[in-house]
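Asks: Show me the folded form of this:
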Amino acid sequence: MTQENFGYARISTSSQDTQMQMDALEKYGCTSIFGEQESGAKRDRARLDKMLSKLRVGDQVVVWRMDRLARSLKDLLEITSKIEAVGAEFVSLTEKLDTSSAGSHLIFNVFAGINQFERQLLVERTKSGLKSARRRGRLGGRPKKFQDSDIEKMKLLMDQPDQNVRTICERFGISRSSLYRLIQEPVAA
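Replies: Alright, predicted model coming up:
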């Protein structure tokens, strides 16, 4: 049997595109490429699992960048352990590393740790920025569709016997469930 290079490309959202990853994997010489749209934080990824089930001794799993395989150091090490358990190797093109030798394996672990560190810093900075914005009175998230006065009107209309739910929903452009949720929420003073 000959060695096979399996490529793995992943995107998280439909607004992203795997083409750049696919091109790099094809250029490297991957004979089978498994692409999927899933969060890297998700444990069960059908295409990744299918690729891992096909691995044999001497094969390579190639990714464009390490974070395409996993988002956390723990998951990355777990997946690469599965790859190594069957006698295959892991290659990351962007970081220019593989697990074919002891030195490369050491470098891989260092890069994996750095990637995890960068991700944690990003999360910390994001949380810190949100906290700072809240202290200044800025609230993140989507703006409210309805003012408190609109919700009060909805409540008053619901109390009138000649009004029906369907008419109120049409007037405000909302669903029944949204109407009931809004009239049950306390209005901010």
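Asks: C-alpha from now on. contacts and neighbour counts both.
Replies: Fine.
Asks: which intervals of this protein have sub-threshold pLDDT?
Replies: Applying pLDDT under 70 to the chain flags the ranges 1, 40, 186-189.
Asks: Please enumerate the helices of it.
Replies: With DSSP state H as the criterion, the chain has helices at 19-28, 46-54, 73-85, 102-135, 148-159, 165-172, 176-184.
Asks: Can you mark which positions in the fourth one are buried?
Replies: Read it as helix 102-135. 105, 107-108, 111-113, 115-116, 119 (16 or more other Cα atoms under 10 Å).
Asks: quick one on the thing from earlier: format the helices of the chain as TSV; extra columns: distance to Glu95.
Replies: Listed next are the helices of the chain as TSV, based on distance: least, Cα to Cα, whole Å:
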stretch	distance to Glu95
helix 19-28	13
helix 46-54	20
helix 73-85	14
helix 102-135	8
helix 148-159	52
helix 165-172	53
helix 176-184	48
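Asks: right, so of those, which gets closest to Asn5?
Replies: helix 19-28 (8.6 Å; Cα to Cα).
Asks: So the closest residue to Leu139 other than its chain neighbours versus Arg71, what's the distance?
Replies: Once flanking residues are discounted, Leu139 sits nearest to Ala133: 6.9 Å by Cα to Cα, 6 or more residues apart in numbering. Applying Cα to Cα, to the nearest Å, the value for Ala133 to Arg71 is 27 Å.
Asks: cool, Ser32 as well?
Replies: Ser32 is 23 Å from Arg71, by Cα to Cα.
Asks: between those two, who's got more neighbours?
Replies: Arg71 (18 against 15; other Cα atoms under 10 Å).
Asks: contacting residues for the residue most central in space within the chain?
Replies: By Cα atoms, centre = their mean, the chain has its centre lying nearest to Ser39, at 3.1 Å. Shown in contact with Ser39 (Cα atoms under 8 Å, 6 or more residues apart in numbering): 11-13.
Asks: between those, which is closest to Arg176?
Replies: The closest of those to Arg176 turns out to be Thr13 (Cα to Cα; 29.8 Å).
Asks: Tell me the buried residues in stretch 46-56?
Replies: 47-48, 51-52, 55-56.
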